[in-house]
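Engineer: What follows is a protein structure lacking sequence information:
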């Protein structure tokens with residue numbers, strides 16, 4: 001067979017396959033028609049309410065930014081003039097407020113030079129740290145994060 005006939009047969013087969021899938025309607029993993037417009041996500045309440053009332057949330061993997069264990073909806077916007085997170089979590093205030101200190105990685109610039117204050121690159125906390133919500137997984141999975149290894153008991 002020449003190339004033109006093979007190409008024509010392939011094109012016709014592709015059209016029939018596409019029509020068969022279109023007739024039954026493709027479904028997404030969420031169970032809705034793929035062509036349907038996305039619905040806005042349901043607003044979930046934060047797990048913690050007031051700072052200091054919720055235990056820290058275990059990280060899923062060792063390099064994961066910690067999740068914020070309290071609500072932040074009443075916090076002021078983070079901007080050049082202020083960052084309300086640093087009122088409790090800065091190196092100067094964390095002991096007085098009994099809060100976790102901002103990580104040491106936040107006090108290093110791009111060249112690796114240590115800084116006395118948090119780097120401007122790490123100033124907007126909510127770019128990496130998010131408040132915890134009780135949201136079930138969208139799809140079933142068996143993911144297991146890093147397990148915390150307990151030290152062996154000494155006899």
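Structural biologist: The structure has been received and is ready for your questions. Model, not experiment: these values are computed from the prediction.
Engineer: And for stretch 63-77, what's in contact with it?
Structural biologist: If you take Cβ atoms under 8 Å, 6 or more residues apart in numbering as the criterion, stretch 63-77 is touched by 46-57, 59, 82, 84-85, 100, 126, 128-132. C-beta here means a position set from N, CA and C on the backbone, and glycine is covered the same way.
Engineer: which among the residues you listed end up buried?
Structural biologist: 46, 47, 48, 51, 54, 85, 131, 132 (16 or more other Cβ atoms under 10 Å).
Engineer: Quick check: the farthest pair among these?
Structural biologist: 47 and 85 (17.7 Å; Cβ to Cβ).
Engineer: For this protein, which segments count as helices?
Structural biologist: 3-24, 86-89, 94-97 (DSSP state H).
Engineer: List just the one of the ones you listed that sits closest to residue 40.
Structural biologist: Of all the helices of the chain, helix 3-24 comes closest under Cβ to Cβ, at 27.2 Å.
Engineer: Any idea which residue is closest to the centre of the chain?
Structural biologist: residue 130 (6.9 Å; Cα atoms, centre = their mean).
Engineer: any idea how far that residue lies from residue 63?
Structural biologist: Shown here: residue 130 relative to residue 63, a distance of 15 Å by Cβ to Cβ, to the nearest Å.
Engineer: Could you find the closest non-adjacent residue to residue 135?
Structural biologist: Spatially, and ignoring its direct neighbours in sequence, residue 135 is nearest to residue 44 (5.4 Å; Cβ to Cβ, 6 or more residues apart in numbering).
Engineer: so where's this protein shaky on pLDDT?
Structural biologist: 1, 20-30, 146-155 (pLDDT under 70).
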